[in-house]
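K.L.:
show me the folded form of this:
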Amino acid sequence: MPLNNERRSFWISCKDLSVEPAGFLLVLSMVVSTLLFQNIRMETTCRVDLGYDMEVCKEIINKVNITYKTEEREIQKAVAGIQAVTSVVFSCITVFVVFFTGPWSDTHGRKIPLVISTMGLMLMPTMMIVGYLCLGKISAVYISLLAMLPTTLSGGATVYSMSAGSYICDTTTPKNRTVRMGVFWASVRSSTPIGFMLGGLLMKCQVGMVKSLLIPVGLSGLAFLIVFLKVRNGKPEAVFIDSGENGGTAKYSGENDEVEKFSGERDTIEKFSGKNDRTAKYSGDKPCWRKYNPVTNLIQVFGMLFQKREHALWFYLLILAHICYASPGAEQSLVYLFVRERLQWNISNFGFFSMINWVLSAGGVFLSMFVLSKTLKLSDPLVGFVSGISQISGSTMYAFTTTRIMMFCASVLDMMNGTIGVVVKSMLSKSVAINEVGKLFALLGAIDSLLPLVTMPTYAFVYRSTVTFFSGAFFLLSAGITLPVEIIFM
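P.N.:
Numbering: from 1, shown residues only. Next comes the predicted model:
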């Protein structure tokens, strides 16, 4: 009987899953399509922006022919410049969309942001197909805008993950919330290496660009159906109905106090249908844009930096450590260009390497947390310091890589770098009051959203300036940016 009850409970839990499988499919779709789009953008740059012959471009892009080394470098310089420009545009839009959507969904529910962001992610591979069919007719900048702008306007993966996490919190009790959140993040993260592997296989088997991109279209379309059909809409204040001892009172996340209205008065809240709009009066009759003004929300988030607190210097140093850790993320957009120039890898080789690199990074975080922190009982700063050494060593070896083996060895050295972010966030959460933790993570999210405005153009400029004589220079930039983190941990 206990075994049957456990099985029944398991299947009931599986039936409740909605944003989790959809998240898996969306990230899988996004990784595959983004990987394939690298070649589309390079070929467009080659044929339209630089005016090279179509046959020459095919030889350069698909076969990485070393005979055309000069042309390859010119293409890479142009692509790096395009990435710098488009990243600034996309980052600006994303910041405003995120800071509008968050407060809006708190009042109107999570389903609409989930549906719209899913549609945006479905449009991305669709627009890539359109761009590929226009190959040779429009420039690489317009191809990039065509492919990415619909996704950016919808909030894309950022809004989806934010809304999915909020939806899980809205619709679960404290007892099963941790498990559901764990399932969601495991689903999202496990799809990344699978996406790299699938994208690499599609190119290796020469399936064809249009047919290959139809696969992520289908995956994201399935995710859209799951979200549209399974996600319930409702206002987050009425989380669930307790039909037990409390007589059917709506509770906040399983708490035992009756839900209070935003005005502070006690009242009964209707069920999770979201039909009770009496709570909406707290925001008055202002236009939607003014009620949820993203600029105002952004200012409020950064206002946390100017609050008086004990150990303020330590808090600011940890914020600086987070910025220094997050900044090298901009190098990811240049790694494919680097391995093409240095090792003559094609997209299939890069897809396989990315899969291995991701698995090693996940293993590195596990090793750090469960061996260094839990088993050896090392302090957070010491764990962070060891992880920083891993990142600096890996970045330095990447910079001087000349063979395939060296590239994979560098990945092994770099495997613990992800732990820095975990440690910094943990230390920051311990340095603020318990009622400030939510504001803290909103601040970190805002910083992460704004950083590409500076880091992407900077990394692109470094790569364009050094690709002809030392293409790995941007890795040394990452190592240098990590040094302040090591000093802080000391």
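K.L.:
the helices in the stretch 101-250 of the chain, which residues?
P.N.:
Under the criterion DSSP state H, counting those that start in this stretch, helices of the stretch 101-250 of the chain are mapped to 111-133, 140-154, 156-171, 174-204, 209-230.
K.L.:
which one of those lies closest to L382?
P.N.:
Counting by Cβ to Cβ, L382 lies closest to helix 174-204 out of these; the figure is 25.9 Å. Using the backbone N, CA and C atoms, a C-beta is placed for each residue, glycine as well.
K.L.:
the closest one versus helix 209-230: what angle between them?
P.N.:
On the basis of axes from the mean of the first three to the mean of the last three Cα atoms, to 10 degrees, helix 174-204 is oriented at 160 degrees to helix 209-230.
K.L.:
tell me what helix 174-204 is packed against?
P.N.:
Secondary-structure packing of helix 174-204 (3 or more Cβ pairs under 8 Å, 6 or more residues apart in numbering; DSSP states H and E): helix 2-16, helix 19-44, helix 156-171, helix 209-230, helix 347-367.
K.L.:
got the buried residues for that helix?
P.N.:
Within helix 174-204, the residues scored as buried using 16 or more other Cβ atoms under 10 Å are 176-177, 180-181, 183-184, 187-188, 191-200, 202-203.
K.L.:
got the angle between that helix and helix 347-367?
P.N.:
Using the same axes, to 10 degrees: helix 174-204 against helix 347-367 is 150 degrees.
K.L.:
give me the mean pLDDT for helix 174-204.
P.N.:
For helix 174-204, mean pLDDT rounds to 83.
K.L.:
starting at the chain centroid, how far to that helix?
P.N.:
Centroid separation for helix 174-204 versus its chain: 12 Å, with Cα atoms, centre = their mean, to the nearest Å.
K.L.:
care to break the chain down by domain?
P.N.:
Following automatic domain parsing, one gets these domains for the chain: 16-237, 305-490.
K.L.:
pull up the distance across the last one, start to finish.
P.N.:
Pointing back at domain 305-490 there. Counting by Cα to Cα, to the nearest Å, you get 23 Å between the two ends of domain 305-490.
K.L.:
how far away is Y325 from G480?
P.N.:
13 Å (Cβ to Cβ, to the nearest Å).
K.L.:
same check on V159?
P.N.:
V159 is 33 Å from G480, where distance means Cβ to Cβ.
K.L.:
between the two, tell me which one has more neighbours.
P.N.:
Per other Cβ atoms under 10 Å, whichever of V159 and G480 has more neighbours is V159, with 25 against 13.
K.L.:
next, the buried residues of the strand or helix carrying Y398.
P.N.:
For Y398, the host element (DSSP states H and E) is helix 380-399. Using 16+ other Cβ under 10 Å as the test for burial, helix 380-399 gives 382-399.
K.L.:
other SSEs contacting it?
P.N.:
With contacts taken as 3+ Cβ pairs under 8 Å, 6+ apart, helix 380-399 sits against helix 404-413, helix 419-430, helix 473-489.
K.L.:
enumerate every residue touching K77.
P.N.:
R464, V467 (Cβ atoms under 8 Å, 6 or more residues apart in numbering).
K.L.:
what about whichever strand or helix holds it, distance to the chain center?
P.N.:
In this assignment (DSSP H and E), K77 forms part of helix 69-108. Relative to its chain's centre, helix 69-108 lies at 13 Å (Cα atoms, centre = their mean).
K.L.:
again, but for stretch 24-31
P.N.:
Worked out by Cα atoms, centre = their mean, stretch 24-31 lies 11 Å from the chain centre.
K.L.:
do the same with stretch 316-328
P.N.:
The mean C-alpha position of stretch 316-328 is separated from the chain mean by 17 Å, Cα atoms, centre = their mean.
K.L.:
got the contact list for that stretch?
P.N.:
305, 384, 391, 395, 420-421, 424-425, 427-428, 431, 443-444, 447-448, 451, 455, 477-478, 481-482, 484-485, 488-489.
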